[in-house]
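J.: Turn this into a model:
(one chain, ligands or ions: 1)
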Amino acid sequence: MTIENKENLLEKARSYEVEASKNIPDGQKPKFHFAVPTGWSNDPNGLSYYNGKYHLFYQYNPYAPTFGNMHWGHCTTSDFITWDFLPAALAPDAPYDNNGVFSGSGIEVDGKHVLMYTGVHFLFKTPEDEAEHAKIAGQFEKFIEMVRAGRIMPRQVQSIAIGDGLNYEKLPENPIIPTDMLPENSDPGNFRDPKIWRDEEDNRFYAVVGGHSIDDDGQILLYSSDDLRQWRYEGILYKNNREYGTMWECPDFFALDNKHVLLSSPMGIKGDGRTFSDGSGSVGLIGTYDKATHKFTREHIQMLDYGMDFYAPQTLLSVDGRRILIGWMEKINSRQIPASYTWNGMMTLPREMRIENGKLYAEPVRELKEYYTDPVSHENITVEGSIELKGIQGRYLDMTIDVEAGDYREFAIDVAADGTRKTTIRYEAGESLLSIDRTHSGHEQDCDKIASTYVASQDGKIQLRVILDNCALEVYVNRGEQVMSALVFTPEDAGIIRFTSTNKATFSVKKYGLRLK
Ligand code: FRU
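T.: Purely as a prediction, here's the structure:
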């Protein structure tokens, strides 16, 4: 790529996205969840309140529905449910971030909007390696081979851009946290996703950054600054000690209900056969923070979502004091969109977090209720076999099902169903195992078909809140004690909902349709 092209990268993205986003057919996207205007998005970034609006940025490849070419896309919301899209905010156009403007965060500082992010660039062993890298553009396997051979050395550094809610300028001091501010034995190629905040007591800025040691142990590092330009390394806030995965990405750190909470998305978790599943996942830790030593001590750890499609969440504190979490509703190795789609990227509903019984709970933001329409309820329904209920169908709804205690074996809800396809939310009472099964949902791509987790229930009494927004499915268990998120790309007109129990079960259901205002 020539220098001229680099200079125009942001402009190019801004004009491209406007045109490309017009070409998306109706009926593909969700209506009450964030969906990328065109191309690809992964992590939520820069979630912040600025100038009277909530701003959400996102990892963004405007040009294709695949990972690559990382920019920051940008949108705003007033109610966390519907989003107004703004021009892309950051492009990979500086020497320290020309291989990707990776994840980060945002805050308001004295009337300005401050974005802190990871810049990715490569060092090359020889000029020949650099030339070869230019030739293999887009060939991921070859790229990885060169990285393994030490011919390409990815470097990740932390940088800041400051703006007015629309346009952002990268600081001339960037990178403000270069790799030589890493502690000994850290991997300079995996050092990313700064989450910044201002401490109300000492008025300093702090940022947590994810990473790992060269021998693969996840660590969350803490940095501080008085002026956003000069940063100081404060220490390792938390070390994984090889318990949950390897590289700890996307940290977040905040006070909640008289505790401190650390979030991260470790890669390569080895599941425990109960509630931690294998592979990449997002975890929440509850504990205490000793500000004098900058150490976080864990008292509890759990997954933040137990479905197939959740990763890299980030939080903000809303104006009215709620800690709100939003996650990327997919994972990197799980490409699911139908082949004809030119977009791929959604976020979960923003969730209000709380600590209850020593655990993290999450429920959808209360603003969703503003979109309720056509309530329907059925009380004390007894099912043995399968039934459909009057007024309970569709692809845009929020319904709560209370199953009564009883000696039923299996209670299931099919959603997004038609004559052949269905997605099943299945509760096996004996084992207390809840699953989302999309084996027959009509996915064209190979992807995980079933996600399961053990849930709490007493003698089969369980509450399931099912939110369906076209292709986005979220199941909240027992008032947010657990959540499962999954994408279901069944055509929009598959709207049958069916309740099944192998032997007699009794339940009530209250459903609201969701309608845009
Ligand atoms: C998580 C992640 C981040 C990184 C970004 C790149 O999904 O890998 O660690 O900053 O995505 O797009």
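
J.: contacts and neighbour counts: CA atoms only from here.
T.: Fine.

J.: Against L115, how distant is G165?
T.: Taking CA to CA, to the nearest Å as the measure, G165 falls 10 Å from L115.

J.: quick one: which of these two has more around it?
T.: Here G165 and L115 are compared on neighbour count by other CA atoms under 10 Å; more neighbours surround L115, at 28 against 19.

J.: where does the nearest residue to that one once chain neighbours are set aside fall, phi/psi-wise?
T.: In this structure, L115 finds its nearest non-sequential neighbour in G106, 4.4 Å apart by CA to CA, 6 or more residues apart in numbering. Phi and psi for G106, reported as degrees, to the nearest 10, are phi -150, psi 150.

J.: Could you do the one 3 residues further on as well?
T.: Backbone torsions of V109, given as degrees, to the nearest 10, read phi -130, psi 110.

J.: count of residues packed around it?
T.: As a burial measure, V109 scores 13 neighbours (other CA under 10 Å).

J.: How about L433?
T.: By other CA under 10 Å, 17 other residues sit near L433.

J.: quick one: average pLDDT of stretch 424-444?
T.: Across stretch 424-444, pLDDT averages out at 95.

J.: ah, wrong one, I meant stretch 290-310
T.: Averaged across stretch 290-310, the pLDDT comes to 97.

J.: Hmm, the residue nearest to L115 is touching M116, no?
T.: Yes: with contact defined as CA atoms under 8 Å, G106 reaches M116; the gap is 6.1 Å.

J.: which residues are in contact with both of those two?
T.: 46, 195-196 (CA atoms under 8 Å, 6 or more residues apart in numbering).

J.: Beta-bridge partners for the closest residue to the ligand within the stretch 151-300 of the chain, please?
T.: Here the residue of the stretch 151-300 of the chain nearest the ligand is E249; by CA to the nearest ligand atom that distance is 4.7 Å. E249 has the following beta-bridge partners by DSSP bridges: S265.

J.: Next up, the contacts around it.
T.: E249 makes contacts with 192-193, 209-211, 264-267, 312, as judged by CA under 8 Å, 6+ apart.

J.: residue ranges with poor pLDDT in the stretch 251-400 of the chain?
T.: Applying pLDDT under 70 to the stretch 251-400 of the chain flags no residue at all.

J.: Contact residues of the stretch 201-350 of the chain facing the ligand?
T.: Residues of the stretch 201-350 of the chain that fall close to the ligand, judged by CA under 6 Å from any ligand atom: 249-250, 312.

J.: Quick check: phi and psi at S386.
T.: When read as degrees, to the nearest 10, the backbone of S386 gives phi -120, psi 140.

J.: So what pairs up with it in the strands?
T.: With DSSP bridges as the criterion, S386 is bridged to T500.

J.: thought it was touching N503?
T.: No: assessed by CA under 8 Å, S386 is found out of contact with N503, at 10.2 Å.

J.: Who is L360 paired with across the strands?
T.: Beta-bridge partners, per DSSP bridges, of L360: I355.

J.: That one: what's it in contact with?
T.: Counting by CA under 8 Å, 6+ apart, L360 has contacts 284, 286, 302, 304, 353-354, 481.

J.: For the residues you listed, pick the one with the most neighbours.
T.: Using other CA under 10 Å as the neighbour criterion, L304 leads these with 27 neighbours.

J.: hmm, back to that, farthest pair in the contacts of E249?
T.: Largest separation among the contacts of E249 by CA to CA: V209 and M267, giving 15.1 Å.

J.: These two: which has the busier surroundings?
T.: Taking other CA under 10 Å, V209 and M267 do not tie; V209 has more neighbours (28 against 18).

J.: Bridged to that one, which residues?
T.: Where V209 sits in a bridge, its partners, by DSSP bridges, are L221.

J.: ok, it touching W248?
T.: No: V209 lies out of contact with W248 (CA under 8 Å); the separation is 9.1 Å.

J.: Now for those two: what residues contact both?
T.: Counting by CA under 8 Å, 6+ apart, the residues touching both V209 and W248 are I220.

J.: pLDDT averaged over the one helix or strand Y476 maps to - what is it?
T.: Per DSSP states H and E, Y476 falls inside strand 472-477. Strand 472-477 carries an average pLDDT of 98.

J.: Tell me the strands beside it, with direction?
T.: Using DSSP bridges, strand 472-477 pairs in its sheet with strand 462-469 (antiparallel), strand 482-487 (antiparallel).

J.: so which of those comes closest to T439?
T.: strand 482-487 (12.1 Å).

J.: Now go through the contacts of L360 and say which are in strands.
T.: Judged by DSSP state E, strands contain the following of these: 284, 286, 302, 353-354.

J.: continuing past the helix with the most length in the chain, what's the next helix or strand?
T.: What stands out as the longest helix in the chain, according to DSSP state H, is helix 9-20. Next helix or strand after helix 9-20 toward the C-terminus (DSSP H and E): strand 39-50.

J.: Please state the offset of that next one from the chain centre?
T.: 9 Å (CA atoms, centre = their mean, to the nearest Å).

J.: now swap in stretch 463-482 and tell me
T.: Put simply, stretch 463-482 sits 16 Å off its chain's centre (CA atoms, centre = their mean).

J.: most tightly surrounded among the strands paired with strand 472-477?
T.: strand 482-487 (a mean of 25; mean count of other CA atoms under 10 Å).

J.: wait, G27 sits on E492?
T.: Yes: G27 is within contact range of E492, at 6.2 Å (criterion: CA under 8 Å).

J.: Find residues that contact each of the two.
T.: Common neighbours of G27 and E492, using CA under 8 Å, 6+ apart, are N470.

J.: Neighbour count for these two, which is higher?
T.: Legend: neighbour count by other CA under 10 Å for G27 and E492, higher for E492 (20 against 12).

J.: Could you double-check that the more buried one lies in contact with D26?
T.: No: E492 is beyond contact range of D26, at 9.8 Å (criterion: CA under 8 Å).

J.: what's near enough to touch the closest residue to A35 other than its chain neighbours?
T.: Leaving out its chain neighbours, the residue that sits closest to A35 by CA to CA, 6+ apart is M346, at 4.4 Å. Residues counted as contacts of M346 (CA under 8 Å, 6+ apart) are 33-36, 41-42, 328-330.

J.: mind checking the SS state of E444?
T.: At E444 the chain is in coil, as set by DSSP: H, G, I helix; E, B strand; the rest coil.

J.: my bad, A131
T.: With three-state DSSP as the basis, A131 sits in helix.

J.: Pipe the strands paired with strand 472-477 into CSV and attach distance to G406 and mean pLDDT per row.
T.: CSV is the format used below for these (distance: least, CA to CA, whole Å; pLDDT from 0 to 100):
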stretch, distance to G406, mean pLDDT
strand 462-469, 10, 98
strand 482-487, 22, 98
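
J.: So for R274, which of the ones you listed sits nearest?
T.: Counting by CA to CA, R274 lies closest to strand 482-487 out of the strands paired with strand 472-477; the figure is 13.3 Å.

J.: Apart from its chain neighbours, what residue comes closest to V114?
T.: Excluding the flanking residues, the one nearest V114 by CA to CA, 6+ apart is I162, at 4.6 Å.

J.: Having no further points to raise, I will conclude here.
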